[in-house]
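>>> Got a predicted model here, sequence first, then my questions.
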2 protein chains.
Amino acid sequence: MNASPDITERFKRGDKGAVARAISWAENGDPRFATLIADVYSKVGHAWRIGITGPPGAGKSTLVNEIAKALRTRERTVGILAVDPSSPLSGGALLGDRIRMEERTLDKGIYIRSMASRGSHGGLSRTTVDACDAMDAFGFDEIVVETVGVGQAEYDVVSAADTVVVVLCPGAGDGVQAMKAGLLEVADVLAVNKAELPGADRLIMDLEEAVHIRLAGKSTWMTPVVACSAARGDGIEDLIAAVERHREHLKAHDLDGIRREKRLAQVHRVLDERIAEHLWSGGGFGERARALLDSGRSPYDVVAELFSALLAEHRHQKNGAK
Amino acid sequence: MNASPDITERFKRGDKGAVARAISWAENGDPRFATLIADVYSKVGHAWRIGITGPPGAGKSTLVNEIAKALRTRERTVGILAVDPSSPLSGGALLGDRIRMEERTLDKGIYIRSMASRGSHGGLSRTTVDACDAMDAFGFDEIVVETVGVGQAEYDVVSAADTVVVVLCPGAGDGVQAMKAGLLEVADVLAVNKAELPGADRLIMDLEEAVHIRLAGKSTWMTPVVACSAARGDGIEDLIAAVERHREHLKAHDLDGIRREKRLAQVHRVLDERIAEHLWSGGGFGERARALLDSGRSPYDVVAELFSALLAEHRHQKNGAK
């Protein structure tokens, strides 16, 4: 297999067009991605990966924009990945907010990419990690992964990050209340954006109390609650400082082990996709399964037959190849 | 493999304890489920499966209670499955609302069961279908699957149903707005509960308009919007009538084909789980994958090695067994 030596060369030279191409390969399941990333994998691990999630309307895009700006003043290069798993049934990324960020793309130290679900959010988690690996190997110092919404699909996506920032704002109401338990479990940092609005102090207090109840005495990391206002540019430094404290904390507490488990999760995703593709696209298992179902067999019976057929087929192929 | 002839006998005799046991087997991945369901699979397909989803606070549990009551007055037997995929990170079902339903469990024509995620919502979709198949084969006329929340995990769960009812209520705000596109895609019937509250008429009009824009001229089924008030017992008959119209519509439009595709989706889930289990639990692939990752290999390289090892291993086993 050939990863287009030209693209690999351009990737190593720091040509952003090559990282864009690599991410497209990952999105399309093109095998050239595997070849490229294997070639540059020794460089993966340099970047810090920040995941940003929270309900629609919390101001995540503006916040990401401000964070990127602040990181650039520190001479850090930034890769931004905007992932939209929220409309898996219709597809299509919410790109509106991204337009505001275009001003930054003239800056050579920033790269922005959007990705949307194509009906498989398992796939989107895999693609997100691939895109982060590509940006990491490419040499960005910081990678920011932003998602829309607060459901399971979004958690799956941001779980690839080293530090997960959950962004809330006052007045979001019941939904956030109901999600609180789940949010606390994924958040390494809680950001209360639009902190100038009424209700912000109350929300901060509520969150601090919830963190205390949940984590005091049980965790070495107490999730900080940071007030900010992305629209006014307030509190961004505090937020970055909180992310950096979390980074130092992880470095002191088995960062390598944690990252290895995240890579292992990626191995799971890639292997699952590979097997599923083998069965359903290549193997004609869909037709066989339909015929078995039509004969009145239960799904478990059908699986037993397909599984046997899978093993027999490989035996045959291997013997034939001798 | 033996499915406990005793349980199968009790299942066929209509002993609710046996259906409870079957569902527990499905939840625990016990192979006895496959044996039992194969034995009774010819009876699957009798029940109508109604999925009910919607944001927290929309009054779904009260509504399910009222629907069950109304179906019982028609002499229909009802199996109710309350599925909670909303806290996949913490596990544990929201059972509070279920307590109100306990009054119904003395009725022999009703069976109620709760299920919660155990960290794998793929697994929860599979278990939901298994539980529906078991209740269907057991002989319930109607199966109601209720989920908490409106995310991808909930859609996955209710997608097993023949008719999906999305329950909304006035005043739920932005979140619902943001979810509207996704909701419209999964809903066969839209129920506006708490229709006595201010804002209900507006919500109904908005939804009707959204349905019209989305479906007019494109679909043979125009999702009806039904006003109801579960707490007051109003509109329940209208809601059931809408579900029955959808049922007649599907019967006139390839119900068998649709159900076959849903069974095929279940075959996918079962096969994926079987392969994953084989690899990660039985095959010691986790340890091998960790070792390969530690040597600096990329996830794709690790997968390539594991995949080859998988095939070689089977070849060896098969040859050894000759």
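Arrived safely. Numbering: from 1, shown residues only, chains lettered A, B, ... in the order given.

>>> For the rest of this, base every contact and every neighbour count on C-alpha atoms.
Will do.

>>> Name the residues that touch stretch A:58-68?
Contacts to stretch A:58-68, defined as Cα atoms under 8 Å, 6 or more residues apart in numbering or on different chains, come from residues A:52-54, A:78, A:97-98, A:101, A:144, A:146, A:167-169, A:193-194, A:229-231, A:233, A:236, A:240.

>>> Correct me if wrong, but A:Met222 is in a helix.
No: assigned with DSSP: H, G, I helix; E, B strand; the rest coil, A:Met222 falls outside any helix and is coil.

>>> and it, what is it in contact with?
By Cα under 8 Å, 6+ apart, the contact list for A:Met222 reads A:211-212, A:215-216.

>>> Neighbour-wise, which one of these leads?
Across the contacts of A:Met222, neighbour numbers were computed from other Cα atoms under 10 Å in any protein chain shown; A:Val211 holds the maximum, 20 neighbours.

>>> Tell me who's in contact with that one.
By Cα under 8 Å, 6+ apart, the neighbours of A:Val211 are A:184, A:222-223.

>>> Check the burial of A:Gly233 by counting its neighbours.
A:Gly233 has 14 neighbouring residues, counting by other Cα under 10 Å.

>>> mind checking how far it is from chain B?
Taking Cα to the nearest Cα, to the nearest Å as the measure, A:Gly233 falls 25 Å from chain B.

>>> just A:Ser114 next, same as before
Noted for A:Ser114: a distance of 19 Å to chain B, by Cα to the nearest Cα.

>>> How about that residue, nearest residue that isn't a chain neighbour?
Spatially, and ignoring its direct neighbours in sequence, A:Ser114 is nearest to A:Ala82 (4.6 Å; Cα to Cα, 6 or more residues apart in numbering or on different chains).

>>> Return the subset of the contacts of stretch A:58-68 lying in strands.
Using DSSP state E to define strands, the subset of the contacts of stretch A:58-68 located there is A:52-53, A:78, A:144, A:146, A:167-168.

>>> among those, which two are most distant?
Largest separation among those by Cα to Cα: A:Val78 and A:Leu168, giving 23.1 Å.

>>> Out of the contacts of A:Val211, flag the one nearest to A:Gln266.
Among the contacts of A:Val211, A:Leu184 lies closest to A:Gln266 (Cα to Cα), at 23.6 Å.

>>> Can you check the pLDDT for that closest one?
Reported pLDDT at A:Leu184 in the predicted model: 76.

>>> tell me which element it falls in.
Here A:Leu184 sits within helix A:174-186, counting by DSSP states H and E.

>>> Check whether A:Pro56 sits in a helix, strand or coil.
Under three-state DSSP, A:Pro56 falls in the coil class.

>>> Burial check on it, number of neighbours?
When neighbours are defined as other Cα under 10 Å, A:Pro56 has 20 of them.

>>> correct me, but it touches A:Glu154?
No: the pair A:Pro56 / A:Glu154 is not scored as a contact, 11.8 Å apart, by Cα atoms under 8 Å.

>>> shared neighbours, the two?
A:Val148.

>>> Would you mind giving the contacts of A:Met222 as a markdown table with pLDDT, secondary structure and distance to A:Gly17 added?
Output for those, formatted as a markdown table (pLDDT from 0 to 100; DSSP: H, G, I helix; E, B strand; the rest coil; distance: Cα to Cα, whole Å):
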| residue | pLDDT | secondary structure | distance to A:Gly17 |
| --- | --- | --- | --- |
| A:Val211 | 88 | helix | 43 |
| A:His212 | 88 | helix | 46 |
| A:Leu215 | 83 | helix | 44 |
| A:Ala216 | 82 | coil | 47 |
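
>>> contacting residues for A:Ile52?
So, once contact is read as Cα under 8 Å, 6+ apart, A:Ile52 ends up touching A:60, A:144-147, A:158, A:164-167.

>>> Mind doing that once more with 10 Å?
A:Ile52 is in contact with A:60-61, A:63-64, A:82, A:144-148, A:154-155, A:157-158, A:161, A:163-167, A:187, A:189-191, counting by Cα atoms under 10 Å, 6 or more residues apart in numbering or on different chains.

>>> among these, which are in helices?
Judged by DSSP state H, these include A:60-61, A:63-64, A:154-155, A:157-158 as members of helices.

>>> which residue is nearest the centroid of chain A?
Chain A has A:Val157 as the residue nearest its centroid, 3.5 Å off, counting by Cα atoms, centre = their mean.

>>> Show the contacting residues for it.
For A:Val157, counting by Cα under 10 Å, 6+ apart, the contacting residues are A:51-53, A:83-85, A:121-129, A:145-147.

>>> For it, give me the pLDDT.
A:Val157 carries a pLDDT value of 82.

>>> Name the residues that touch stretch A:8-17?
The contact list for stretch A:8-17, computed with Cα under 10 Å, 6+ apart, reads A:2, A:5-7, A:18-22, A:32, A:35-37, A:39-40, A:108, A:110-111, A:134-135, A:137-139.
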